[in-house]
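Colleague: Fold the following.
(2 chains)
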Amino acid sequence: MGFKIAVVGDQDTVTGFALAGATYTHIYTTKEEALAKLGEFLASDEIGLVLVTHRIVEALGYEFRRMMRAKRLLPLVLRISDKTGYVPKVDELREIIKRTVGAEIMVKREGS
Amino acid sequence: MAVALAVPPTRMELLKLRQRVGLAQRGHDLLKEKMDALVIEFFEVLRRIQEARTKALEQLFVAHRALSMCFAIVGTLETKQASKETRRELQVEISTRHIMGIAVPAVEVREVERNALVRGYGLHMTSSVLDEASMEFERALKLLIELAELEGSAFALARELEKTKRRVNALEYILIPRLKETLKFIMMRLDEMERENFSRLKRIKAMLEERG
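Modeller: Model (predicted):
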């Protein structure tokens, strides 16, 4: 079954991925709008992948994390860097590792 | 110190408890094995994420550069216009795969890169830099889709790992000690009762002998 792709991001990111064939896009303006749109994307059955830029994730903050916890397996949500290549220092995945595996986090750091 | 359960100290209860301890122990061992397997799986996924992420981010950076170029040469408005005209119906195949009973996403990446002709924007008004930007973004998207699959798996695995860990710990540090404590309590109690009985019998015997 085919799934479509949605993008929430700044103007440039959205333009780029629209050129690449992403079906749904939302250009970030206000927090409320972005949250509503994101909720819509997450509830949709035909969207399989939602790309969100790190900057917006940070702007949305707590609400975004709550949405992530509440969502089903699909659609997948992937955080991407925007034009400036901005990636936050604190990696969420790394946080999870810290919580679940405890001290073993160093094992991974070596490999990276 | 674990608190013993409130059960009547009877032989019946002792037998039942012994069974429960056995069961809990077996469950604990199984869960622990599951956790170990999950950790191995998890780290494997993490390693692959690391690789995929570097690749994807690099490609994304290249794509953004191409797009900036396009903005500069073709013009911002024209580029946006083209992005609106583009055929935007890219589809990805996503199904679920099971790693040890955990549903993780499995994404099948079909060819994302397209020919300039099928993209849908008018060719006579646009420049080849636009084609290039589109192509770079398609490449980036392909890598990102792969990355999304891995990250999805990692999150699913992490969630399961957390759950399993909680269960293992609950069994190891709460349920099993508590059951053992109760077991001990009942055994002590039964021994005590036996001793009481014994001394009672002795006493009765002594009393009977005195009388007779």
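
Colleague: I'd like to know how far B:Lys32 sits from A:Gln11.
Modeller: For B:Lys32, the distance to A:Gln11 (C-beta to C-beta, to the nearest Å) stands at 51 Å. (C-beta placed from N, C-alpha, C; glycine too.)

Colleague: higher neighbour count, the two?
Modeller: More neighbours sit around B:Lys32 than around the other of B:Lys32 and A:Gln11, counting by other C-beta atoms under 10 Å in any protein chain shown; the figures are 16 against 12.

Colleague: tell me which element that one falls in.
Modeller: Taking DSSP states H and E as the definition, one finds B:Lys32 inside helix B:11-73.

Colleague: Likewise for A:Arg79?
Modeller: Using DSSP H and E, the element containing A:Arg79 is strand A:76-80.

Colleague: Is the lengthiest helix in chain A in proximity to chain B?
Modeller: Criterion DSSP state H: the longest helix present in chain A is helix A:31-43. No. Applying C-beta under 8 Å from any C-beta of the partner chain, one finds that helix A:31-43 is not in contact with chain B, the shortest distance being 13.6 Å.

Colleague: State the mean pLDDT of that helix.
Modeller: This predicted structure assigns helix A:31-43 an average pLDDT of 81.

Colleague: tell me which residues in it are buried?
Modeller: Residues of helix A:31-43 classed as buried by neighbour count (16 or more other C-beta atoms under 10 Å in any protein chain shown): A:34, A:37-38, A:41-42.

Colleague: For B:Val7, give me phi and psi.
Modeller: Torsion angles at B:Val7 (phi, psi; degrees, to the nearest 10) stand at phi -130, psi 150.

Colleague: Any idea how many residues pack against it?
Modeller: 14.

Colleague: measure it to B:Arg189 for me?
Modeller: Taken as C-beta to C-beta, the span from B:Val7 to B:Arg189 is 10 Å.

Colleague: before we move on, what about B:Glu44?
Modeller: As defined by C-beta to C-beta, B:Glu44 lies at a distance of 51 Å from B:Arg189.

Colleague: With A:Val87 instead?
Modeller: 63 Å.

Colleague: And chain A, is whichever helix or strand comes after the helix holding B:Lys32 touching that?
Modeller: Next in sequence after helix B:11-73, counting helices and strands by DSSP H and E, comes helix B:76-85. Yes. Interface with chain A: helix B:76-85 contributes B:79-80, B:82-84 (C-beta under 8 Å from any C-beta).

Colleague: among these, who's most crowded?
Modeller: Among those, where neighbours are counted by other C-beta under 10 Å, the top count belongs to B:Thr79, at 28 neighbours.

Colleague: wait, that residue sits on B:Phe71?
Modeller: Yes. Counting by C-beta atoms under 8 Å, B:Thr79 touches B:Phe71, with 5.6 Å between them.

Colleague: How about the backbone phi and psi for A:Phe3?
Modeller: Torsion angles at A:Phe3 (phi, psi; degrees, to the nearest 10) stand at phi -120, psi 150.

Colleague: Please apply the same query to the one 10 residues further on.
Modeller: Dihedral pair for A:Thr13: phi -60, psi -50, per degrees, to the nearest 10.

Colleague: how about it, what does it touch?
Modeller: When contacts are counted by C-beta atoms under 8 Å, 6 or more residues apart in numbering or on different chains, A:Thr13 is found next to A:7, A:51, A:53, A:80, A:82-83, B:64.

Colleague: Among these, which ones are in helices?
Modeller: The members of these that map onto helices under DSSP H are B:His64.

Colleague: Same list, the contacts of A:Thr13, but as JSON lines with neighbour count and distance to B:Glu89 please.
Modeller: Output for the contacts of A:Thr13, formatted as JSON lines (neighbours: other C-beta atoms under 10 Å in any protein chain shown; distance: C-beta to C-beta, whole Å):
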{"residue": "A:Val7", "neighbour count": "25", "distance to B:Glu89": "14"}
{"residue": "A:Leu51", "neighbour count": "23", "distance to B:Glu89": "16"}
{"residue": "A:Thr53", "neighbour count": "23", "distance to B:Glu89": "23"}
{"residue": "A:Ile80", "neighbour count": "23", "distance to B:Glu89": "21"}
{"residue": "A:Asp82", "neighbour count": "19", "distance to B:Glu89": "24"}
{"residue": "A:Lys83", "neighbour count": "20", "distance to B:Glu89": "25"}
{"residue": "B:His64", "neighbour count": "22", "distance to B:Glu89": "23"}
